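Engineer: I'll drop the sequence and a predicted model, then ask my questions.
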Amino acid sequence: MILKTIRGKTPYYGENCFFADTSVVVGDVVMGRDCSVWYHAIVRGDVNSIQIGDQVNIQDGAVIHATYQKFSTTIGNRVSIGHNAIVHGCTIHDNVLIGMGAIVMDGCVVESKSIIAAGAVVTQGTNVPSGTIFAGVPAKKKKDISVELTKGEIERIVKNYVTYADWFRQ
């Protein structure tokens, strides 16, 4: 793991976090407990702040960044950022799944208990209402999420990644 101070800002992380050997976390990053940053994932707080809650998993190849003097990035609790996803200058509330290869752009707000489908592009300034699935390019609402889907996907993936991180710490 590369942990680097940039412009006088050093990343901070809570208890029980896992960082893969090739992960990079730099600058103004504050991360809660039980988080994981996987292989080749980058959390780059060089140009603006990045706030990350508890039990967040940032999967292989994902990029978390912000926009200089315009958009910081905030990620809530129990969020999964899928492989090769990009989360840039936006706000992600609690209990959200960002699918593999999805892009969430500057000024977007993804409300709680929502899913951004794999490969979706959520364009600048889009608001994703709570309890919805957005998919496509550009991403649009496809349907509302059932309680079963929330438990079966969003909660399951978060719990799995807490377990996977434990495997790697042993």
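Structural biologist: All right, it came through fine. No experiment lies behind these values; they were computed from the predicted model shown. Numbers count the residues shown, from 1 in each chain.

Engineer: next structured bit after the worst-scoring helix or strand of the chain on mean pLDDT?
Structural biologist: Lowest by mean pLDDT, DSSP states H and E among the helices and strands of the chain is helix 147-149, with a mean of 82. From helix 147-149 onward toward the C-terminus, using DSSP states H and E, the following helix or strand is helix 156-169.

Engineer: which other helices and strands does that next one contact?
Structural biologist: Contact partners of helix 156-169 among helices and strands, from 3 or more Cβ pairs under 8 Å, 6 or more residues apart in numbering; DSSP states H and E: strand 18-19, strand 36-37, strand 57-58, strand 79-81. (Each C-beta comes from the backbone N, C-alpha and C, glycine too.)

Engineer: 6 Å - rerun?
Structural biologist: strand 18-19 (3 or more Cβ pairs under 6 Å, 6 or more residues apart in numbering; DSSP states H and E).

Engineer: show me what the strand it packs on is in contact with.
Structural biologist: 1, 36, 37, 165, 168, 169 (Cβ atoms under 6 Å, 6 or more residues apart in numbering).

Engineer: can you pick the most crowded of those residues?
Structural biologist: Counting neighbours by other Cβ atoms under 10 Å, the top entry in these is residue 37, with 30 neighbours.

Engineer: and it, how far from residue 22?
Structural biologist: Residue 37 is 10 Å from residue 22, where distance means Cβ to Cβ, to the nearest Å.

Engineer: what's the longest strand in the chain?
Structural biologist: The single longest strand within the chain, with elements called by DSSP state E, is strand 42-52.
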